[in-house]
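>>> kindly return the folded structure for what I paste below:
(chains A and B)
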Amino acid sequence: MLLGSATSVALDVSERLRGWLPFAQRRRAWLAALFLILFPLVAPFKALATMILIYGLYALGFNILFGYLGLLSFGHSALFGTGAYFCGIAIAHFGLPWWAALSLGVLGGVLAAAAIGVLAIRTLGIYFAMVTLALSQCLYYLFYQATDWTGGENGLTGVNVKTINLFGFGLDFVNPLVHYYVIAAFVIVALFALSRILASPFGAVIEGVRESEARARASGIDVVRVRFVTFVVSGAFCGLAGALLALHLSIVPIETMHYDTSGLAVMMCLLGGMGTFFGPFVGAAIFLLLENLVSLYTVHWQLIVGAAFIACVLFFPRGVWGTILQRSRT
Amino acid sequence: MSGEIILRTHNVSKRFGRLNALNGVSAEFRRNVITSIIGPNGAGKSTYFNLLCGALRPSSGTIEFEGRDVTGLPQHRFAHMGIVKSFQITTLFPQLSAHENVRLAAQVRVTIFDMWRPRASLKMLSEQADFILERVGLGHRRDRPAALLAHGEQRALEIAVALASEPKLLLLDEPTAGMSPQETREMMDLIVRLAAERTIILVEHKMKLVLGISDRLIVLHHGELLAEGAPDEIKRNELVKRVYLGQRDH
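Numbering: from 1, shown residues only, chains lettered A, B, ... in the order given. Predicted structure coming up:
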């Protein structure tokens, strides 16, 4: 019953979407920015809204590889986690300013992606998924063992940023709303960058490689190199997401690196709609909202979230956002 | 420049495990003419074709393009040198529009890793794609996804995509496979028109189809070179007659 009405709601939304869809496609980054600015007004609480931002960005980075290039990685937690640890270590151990720490976080994601990518990129399909999983577990144990630097099992504490200094203005990072908007600003910049990359010549090449590797190769595209570069770009976005997580939580839990987190990215993309611009955010929002709401009533929240996931896959095979898009096109 | 040798294979062989698909084939291809590779089923035509375009590496022997040894280079390098193939089984970017299929192939010559400029700013490429689409008779299908085109249209788009790479040497693998007689005639006309400006190598199963349009023919049989020459010579060749004898379809 409930699912039936959910589908009809989606249909209803898609009816209304039809008219302005081409406009939304052109102005996708602006629309996303607008939504993120208004989001805290409707979100149940600010911390959750911030988590949706961060995990949305993480899923977005994952979606570049999964949705746009068509490669399923099970090792993205390593990119996310390395970003978080690099940022966290920069602040907790070296006392670097927030902007330097964030940049190092992005660098961490890029380096982890390059290291994993260089070894994994020649494999495809299930082998690629397994090799990335294995390599990300290697990084997990590396960070787990380096207790002096990472705090090991207890996580890295002391990632404290109280004020964000911006051109002489001190923003109160402890205030939840300011906190949200600072992180939203970075996510919005990332959204514009991604939108730009997708619309660039390289974006066209990514689509081509996904559509037909044989054709791409015959046309003169070095397919292996395109895969590697895409993996690294994906790493930059995931690294930024990880760095923002470290700033947001003031701690880097070791679970950030765990393969559960890799699975999370897959789940969020599938929930929202792989290969769509907004899909990963929709997926992250659905997952985290469900987790938060259901865990208020029962400790067995995973049971309910899992069931909801299965229902989504069955009734929205292209993800919630992907299905809405598809319905409104036809 | 016509008549000058553009591509040469020297004693190339290809083994798949214990199967000798191709055995010491030496042949020359001249610039700005149509050379057809023919032979009965299992003659090694496709294997030879895939060696010429770099999709496969020879087990032994060398391939020379414009006087340069190109044996064993990766396939994308072949494309950049100007050797471009079309596929026997239509291989396009199925979900992209006809226009984007051609535009992307043209873009590869200009940039692959540019992540910042908007695609739309490369106007020249888009115009070139439109020009090529008109040329192969697909102007009216510009915005339709490749997967939704009719079979004959897809074959034409395949040629358009290959042309977008501005090949010096265009390799076509059974371009009329599965086409109606009408579509076949149109395709053959198109190939003849294209041959005015570039070298074409054609792989074809049906000898009759290519005798009329080819300047030279290479006949393969059991992975070996059986005969090579102008269509008239090949028609008179006793060996070729014997190989094709009893195969009514040709």
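
>>> got the contact list for residue A:84?
The contact partners of residue A:84, by Cβ atoms under 8 Å, 6 or more residues apart in numbering or on different chains, come to A:105, A:108, A:242, A:243, A:245, A:246, A:252, A:256. From N, CA and C alone the C-beta is placed, and that goes for glycine too.

>>> give me phi/psi at it?
Phi and psi for residue A:84, reported as degrees, to the nearest 10, are phi -60, psi -50.

>>> and the nearest residue to it once chain neighbours are set aside, what pLDDT?
Closest residue in space to residue A:84, ignoring its immediate chain neighbours: residue A:242 at 3.6 Å, by Cβ to Cβ, 6 or more residues apart in numbering or on different chains. Reported pLDDT at residue A:242 in the predicted model: 97.

>>> contact residues of chain B facing chain A?
When proximity is defined by Cβ under 8 Å from any Cβ of the partner chain, chain B lies next to chain A at B:53, B:55, B:74-76, B:79-80, B:84-85, B:87, B:91-96, B:100, B:103-105, B:107-120, B:122, B:161-162, B:164-165.

>>> walk me through the domains of chain B.
Partitioning chain B according to automatic domain parsing yields domains covering residues B:1-82+B:168-250, B:92-166.

>>> include mean neighbour count when you put the ones you listed into CSV, please.
Below are the domains of chain B laid out as CSV (neighbours: other Cβ atoms under 10 Å in any protein chain shown):
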stretch, mean neighbour count
domain B:1-82+B:168-250, 18
domain B:92-166, 19
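
>>> nearest to chain A: which residue in chain B?
Chain A sits closest to residue B:79 of chain B, with a gap of 3.1 Å, by Cβ to the nearest Cβ.

>>> just the C-alpha atoms of the helix or strand that residue falls within, please, in PDB.
Taking DSSP states H and E as the definition, residue B:79 sits inside helix B:75-81. What follows is helix B:75-81 as a C-alpha-only set of coordinates in PDB (Å, rounded to 0.1, in the frame of the first residue of the first chain):
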ATOM      1  CA  GLN B  75      45.500   0.400 -31.000                       C
ATOM      2  CA  HIS B  76      44.800   3.900 -29.900                       C
ATOM      3  CA  ARG B  77      48.200   4.900 -31.400                       C
ATOM      4  CA  PHE B  78      47.200   3.400 -34.700                       C
ATOM      5  CA  ALA B  79      44.100   5.700 -34.700                       C
ATOM      6  CA  HIS B  80      46.300   8.800 -34.000                       C
ATOM      7  CA  MET B  81      48.600   7.800 -37.000                       C
END
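
>>> so which elements touch it?
If you count contacts as 3 or more Cβ pairs under 8 Å, 6 or more residues apart in numbering or on different chains; DSSP states H and E, helix B:75-81 packs onto helix A:213-218.

>>> and the next helix or strand past the helix it packs on?
helix A:223-249.

>>> what helices or strands is that following helix leaning on?
By 3+ Cβ pairs under 8 Å, 6+ apart, helix A:223-249 packs against helix A:46-63, helix A:76-92, helix A:98-120, helix A:176-199, helix A:201-211, helix A:213-218.

>>> relative to the whole chain's centre, how far out is that helix?
Centroid separation for helix A:223-249 versus its chain: 9 Å, with Cα atoms, centre = their mean, to the nearest Å.

>>> with stretch A:117-128 instead?
That offset, for stretch A:117-128, works out to 21 Å (Cα atoms, centre = their mean).

>>> near chain B at all, that stretch?
No - using Cβ under 8 Å from any Cβ, we find that stretch A:117-128 stays clear of chain B, coming within 12.8 Å at best.

>>> now that stretch: average pLDDT?
92.

>>> same question, stretch A:142-156
92.

>>> what is the end-to-end distance of that stretch?
Terminal residues of stretch A:142-156 lie 14 Å apart, using Cα to Cα, to the nearest Å.

>>> so which residues make contact with stretch B:130-138?
B:98-99, B:102, B:106, B:139, B:141-142, B:149, B:153, B:156-157, B:159-160, B:163-164, B:186, B:190.

>>> filter those residues down to the ones in helices?
Judged by DSSP state H, the contacts of stretch B:130-138 include B:98-99, B:102, B:106, B:153, B:156-157, B:159-160, B:163-164, B:186, B:190 as members of helices.

>>> in chain A, what residue lies closest to chain B?
residue A:220 (3.1 Å).

>>> report pLDDT for the nearest residue to that residue once chain neighbours are set aside.
With Cβ to Cβ, 6+ apart as the criterion, residue A:220 has its nearest non-adjacent residue at 3.1 Å, and that residue is residue B:79. Looking at residue B:79, its pLDDT is 93.

>>> can you check residue B:109 too?
Confidence score, pLDDT, at residue B:109: 93.

>>> can you check residue B:247 too?
Reported pLDDT for residue B:247: 56.

>>> one more: residue B:18?
Taking residue B:18 on its own, its pLDDT is 88.

>>> state the distance from it to residue B:47.
15 Å (Cβ to Cβ, to the nearest Å).

>>> now the strands: where do they sit in chain B?
B:5-16, B:19-30, B:34-38, B:60-65, B:68-69, B:83-86, B:169-173, B:199-204, B:216-221, B:224-229 (DSSP state E).

>>> number of residues surrounding residue A:127?
11 (other Cβ atoms under 10 Å in any protein chain shown).

>>> counting by contacts, list what the helix or strand hosting it packs against.
For residue A:127, the host element (DSSP H and E) is helix A:125-145. Counting by 3+ Cβ pairs under 8 Å, 6+ apart, the packing neighbours recorded for helix A:125-145 are helix A:76-92, helix A:98-120, helix A:259-272.

>>> hang on, the earlier thing: can I get the contacts of residue A:84 in a markdown table including distance to residue A:60 and neighbour count?
Formatted as a markdown table, the contacts of residue A:84 follow (distance: Cβ to Cβ, whole Å; neighbours: other Cβ atoms under 10 Å in any protein chain shown):
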| residue | distance to residue A:60 | neighbour count |
| --- | --- | --- |
| A:105 | 16 | 32 |
| A:108 | 18 | 30 |
| A:242 | 13 | 35 |
| A:243 | 15 | 34 |
| A:245 | 14 | 29 |
| A:246 | 18 | 30 |
| A:252 | 20 | 29 |
| A:256 | 17 | 27 |
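
>>> pull up the residues of the stretch 201-330 of chain A that are close to chain B.
Contact residues (Cβ under 8 Å from any Cβ) of the stretch 201-330 of chain A with chain B: A:201-205, A:207-208, A:211-212, A:214-223, A:226, A:229, A:233.

>>> what sits against residue B:204?
Per Cβ under 8 Å, 6+ apart, neighbours of residue B:204: B:36, B:37, B:38, B:174, B:176, B:210.

>>> widest-spaced pair of those residues?
Spatial extent of these (Cβ to Cβ) is set by the pair B:37 and B:176 at 14.5 Å.

>>> circling back to that earlier point, run a quick neighbour tally on the residue of chain A closest to chain B.
So residue A:220, with other Cβ under 10 Å, has 21 neighbours.

>>> again, but for residue A:26
Neighbours of residue A:26 under the rule other Cβ under 10 Å: 12.

>>> how about residue A:225?
Quick note: residue A:225 (other Cβ under 10 Å) scores 13 neighbours.

>>> so for it, what pLDDT did the model give?
pLDDT at residue A:225 comes out at 96.

>>> distance of it from residue A:311?
40 Å.

>>> repeat that for residue A:242.
For residue A:242, the distance to residue A:311 - Cβ to Cβ - is 30 Å.
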